[in-house]
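Q: what follows is a protein structure lacking sequence information:
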C-alpha cells in the first residue's frame, strides 16, 4: 500500500516535518509493503518552512538507505522503519536509488501577478469589468488583482482556488493519475485560515474525485483541516491579517459543509487551538518564513498515522474526528496526553530522544567500547561512511532543535514541555520533562557509564530472527543504537 501525503502551503510543510520526526522514531504503521510518498505543494517555492521540511525528508531517505536493513518495514522494531519514496520514481523497485528524494510538485515559481496569470490584459472589456468586480484592483489596500504570486496567495483563497485549478495540467499530477492503484490512499494536510491551504485543499479533492483513473477517483481519502492556532503581528504593509483568521475559517467551513467533494472524504480530522498568546512576526513568505514547531503540528501528524492504520472497512462512510487529551494544560506536558497517545506516539519519541542524546553526546566519548572498538563498530574507521554518518548526527540534532522549538514558542501559542537535551548532563535521568529518575548512592539511574554497558551487551546479543545474519556495519551500528535506547526506555519506567 502506498499513501500519498500532500502537504499544502506552510502549515502542510510544518505538519510534514513533525510527521518525519514521528516516522524516524519508529512509530509503527499497518499495511503490507507500506510506502509513504510525501508531496509538498506550495507556490511559495522558496518558503523557509518548506525548505526545512524538504531537507528533513531527504535526510530521512538517505539515513534509511544507509543504516536500515532493506527487509525492515513499518511494522519492524527500528528507527526509520517506514519506507518513503519520491513521487517521480514510483515505478522503481529499488529503495537504494542514489538520487535525492524529490518531494515538491513543480507547481511553483509563479513570479508574476494574478492579473498576468489570468491574462487580464487580453480579456475583452466585459470580462475585464467582471474580473475587476470580483477582485480588488485598487492601487491601495493590497490589491488582489495585482498580487505577485511568488510568495503564495497571502491569505486570499479566492485567488488560490483559480491558480490551483492548473494543478491538473502539471506533469506530476498526470503521473499520479497514471500510476495510482486500488491499494493506494490519499491524505491531505492544509490550513483553513490562510490562502494556499484553504484554496488548495478543496481543489485537490475535486481533482482526485473527478479523475479519469477510477482507482484515484474512488480512493480512500483522509485529510486534516488545521484551524487557527497562532497569530501574527499587525502590519499595515502586509496582506496577512490574523484578525480575520476566524472569519476566513467560518467562511471556508461553510463552503466545505455544502461541497459534495469535501463530503466524500472518508476521514476528515479537525484541529485548532484557541490559546494564541503572543504573535509571530508578520512575514508573508520566502526564506525568512521559518516558524517554530508547534504542538498542534505534532498532533496533526498523528492524524495521518491514525488514517493509515485504519482498515478499509473502517473507511466505508465519511467520518469526522477531533483530538482528545486528558487535560487542557498550559503549558501542555506529556502527562496531558491519553494513555493511548502515549503508547502509540510518545513512547517512540522518548526512545528516539534517548538515541539522539546517546548518539550526539555519549558515543563520541565512548571510544574503544561498543561503538568504537576495533572489533566492533568503529565509526571513524571501518564504518567508512563519514558523510552519511554526519547526516545521521545532523538529523538527531535537528530532532533536538525541533523539540526545543516547541518549548520556546511563547510567541507561537501553546508551549509543549517535552525534552531537555542539556549537553552538560552525562545521564538520561531528567531528559523527559515531568519525570526525573530518582538516584541514590548505589543507583545513579541511566548514566553514561550505564550506556557503555548496555551498548556492549546489545552489540553482542545473539542476533534475533528480526535481525538478519550478514547485515552491514552501519546497519549493525543502528541496530545497537536502537536496542540500547529500547533498554533505556524499559529502565525509565512509566511516562509522566
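A: Looks like it came in fine. This one's a predicted model, so the numbers in the text were calculated from it and none came from an experiment.
Q: tell me which stretches of the stretch 1-150 of the chain form helices.
A: Along the stretch 1-150 of the chain, the segments classed as helices by DSSP state H, counting those that start in this stretch run 9-24, 48-67, 114-117, 125-134.
Q: which parts of this protein are strands?
A: Taking DSSP state E to define them, one finds strands in the chain at 2-8, 35-41, 83-84, 185-191, 220-226, 267-271, 319-322, 332-333, 416-417.
Q: list the helices and strands the second one packs on?
A: Other elements packing on strand 35-41 under the criterion 3 or more CB pairs under 8 Å, 6 or more residues apart in numbering; DSSP states H and E are strand 2-8, helix 9-24, helix 48-67, strand 83-84. To be clear about C-beta, it is placed using only N, CA and C from the backbone, and glycine gets the same treatment.
Q: residue 444 is nearest to which of these?
A: Proximity to residue 444 (CB to CB) singles out helix 9-24 among those, at 29.4 Å.
Q: strand 220-226 and that closest one, what's the angle between them?
A: Here the directions of helix 9-24 and strand 220-226 differ by 120 degrees (axes from the mean of the first three to the mean of the last three CA atoms, to 10 degrees).
Q: coming back round to it: nearest to residue 322, of the helices and strands packed on strand 35-41?
A: Residue 322 sits nearest to helix 9-24 of all the helices and strands packed on strand 35-41, at 16.1 Å, using CB to CB.
Q: now the helices and strands packed on strand 35-41 as JSON lines including mean neighbour count and mean pLDDT?
A: Written out in JSON lines, the entries for those read as follows (neighbours: other CB atoms under 10 Å; pLDDT from 0 to 100):
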{"stretch": "strand 2-8", "mean neighbour count": "25", "mean pLDDT": "94"}
{"stretch": "helix 9-24", "mean neighbour count": "27", "mean pLDDT": "94"}
{"stretch": "helix 48-67", "mean neighbour count": "22", "mean pLDDT": "90"}
{"stretch": "strand 83-84", "mean neighbour count": "20", "mean pLDDT": "94"}
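Q: export these to a markdown table and tack on distance to residue 488?
A: Conversion of the helices and strands packed on strand 35-41 to a markdown table gives the following (distance: least, CB to CB, whole Å):
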| stretch | distance to residue 488 |
| --- | --- |
| strand 2-8 | 31 |
| helix 9-24 | 17 |
| helix 48-67 | 19 |
| strand 83-84 | 27 |
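Q: re earlier: comparing the strands of the chain by mean pLDDT, which bottoms out?
A: Note on the strands of the chain: strand 416-417 shows the lowest mean pLDDT, a mean of 82.
Q: for the helices of the stretch 1-150 of the chain, which one sits closest to residue 295?
A: helix 9-24 (9.4 Å).
Q: any idea how far residue 210 is from the residue sitting furthest away from the middle of the chain?
A: Among the residues of the chain, the one whose C-alpha is farthest from the average of all C-alpha positions is residue 125, by CA atoms, centre = their mean at 46.3 Å. Counting by CB to CB, to the nearest Å, the separation of residue 125 from residue 210 is 33 Å.
Q: just to revisit the earlier point, could the helices of the stretch 1-150 of the chain go into TSV alongside distance to residue 168?
A: What follows is the helices of the stretch 1-150 of the chain, written out as TSV (distance: least, CB to CB, whole Å):
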stretch	distance to residue 168
helix 9-24	18
helix 48-67	22
helix 114-117	15
helix 125-134	22
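Q: could you tell me how many residues sit around residue 260?
A: 9 (other CB atoms under 10 Å).
Q: repeat that for residue 182.
A: Here the count is done by other CB under 10 Å, and residue 182 has 10 residues near it.
Q: same deal with residue 448?
A: One way to gauge burial is a neighbour count; for residue 448, by other CB under 10 Å, it gives 17.
Q: thinking again about what came up before, and the residue farthest from the centre of the chain, how close does it get to residue 392?
A: Distance, residue 125 to residue 392, using CB to CB: 62 Å.
Q: so where is the stretch 101-250 of the chain shaky, pLDDT-wise?
A: 106-120, 135-165, 194-198, 231-244 (pLDDT under 70).
Q: go again using 80 as the cut-off
A: Judged against pLDDT under 80, the low-scoring parts of the stretch 101-250 of the chain cover residues 104-123, 127-171, 193-200, 230-248.
Q: ok, the residue farthest from the centre of the chain to residue 73 distance?
A: Using CB to CB, one obtains 62 Å as the distance from residue 125 to residue 73.
Q: next: residue 391.
A: With the distance defined as CB to CB, residue 391 ends up 22 Å from residue 73.
Q: and for residue 291?
A: The separation that residue 291 has from residue 73, given CB to CB, amounts to 33 Å.
Q: so which of the helices and strands packed on strand 35-41 is nearest residue 438?
A: With respect to residue 438, and counting by CB to CB, the nearest of the helices and strands packed on strand 35-41 is helix 9-24 at 29.1 Å.
Q: so how far is that closest one off the chain centroid?
A: Computed by CA atoms, centre = their mean, to the nearest Å, the chain-centroid distance of helix 9-24 equals 1 Å.
Q: and for stretch 321-336?
A: On the basis of CA atoms, centre = their mean, stretch 321-336 sits 20 Å off its chain's mean C-alpha point.
Q: which parts of that stretch are buried?
A: Of the residues in stretch 321-336, 323, 331, 332, 333, 334, 336 count as buried by neighbour count, 16 or more other CB atoms under 10 Å.
Q: one more: stretch 186-194?
A: Taking 16+ other CB under 10 Å as the criterion, stretch 186-194 shows 186, 187, 188, 189, 190, 191, 192, 193, 194 as buried.
Q: what is the nearest of those to residue 31?
A: Comparing the buried residues of stretch 186-194 against residue 31 with CB to CB places residue 187 closest, at 12.9 Å.
Q: mind listing the helices for the stretch 151-300 of the chain?
A: Per DSSP H, counting those that start in this stretch, the stretch 151-300 of the chain has helices spanning 157-164, 171-179, 196-209, 214-217, 245-258, 295-308. These are given in chain order.
Q: now those as a markdown table including distance to residue 37?
A: What follows is those, written out as a markdown table (distance: least, CB to CB, whole Å):
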| stretch | distance to residue 37 |
| --- | --- |
| helix 157-164 | 20 |
| helix 171-179 | 9 |
| helix 196-209 | 14 |
| helix 214-217 | 13 |
| helix 245-258 | 25 |
| helix 295-308 | 12 |
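Q: quick one: closest of these to residue 479.
A: Using CB to CB as the criterion, the shortest distance between residue 479 and those is 23.5 Å, found for helix 295-308.
Q: ok and that closest one relative to strand 2-8, angle-wise?
A: Relative orientation of helix 295-308 and strand 2-8, computed by the same axes, to 10 degrees: 150 degrees.
Q: what helices or strands is helix 295-308 leaning on?
A: Short answer (3+ CB pairs under 8 Å, 6+ apart): helix 295-308 packs on strand 2-8, helix 9-24, strand 185-191, strand 220-226, strand 267-271.
Q: mind giving me the domain split of the chain?
A: 2-108+154-323, 112-147, 341-492 (automatic domain parsing).
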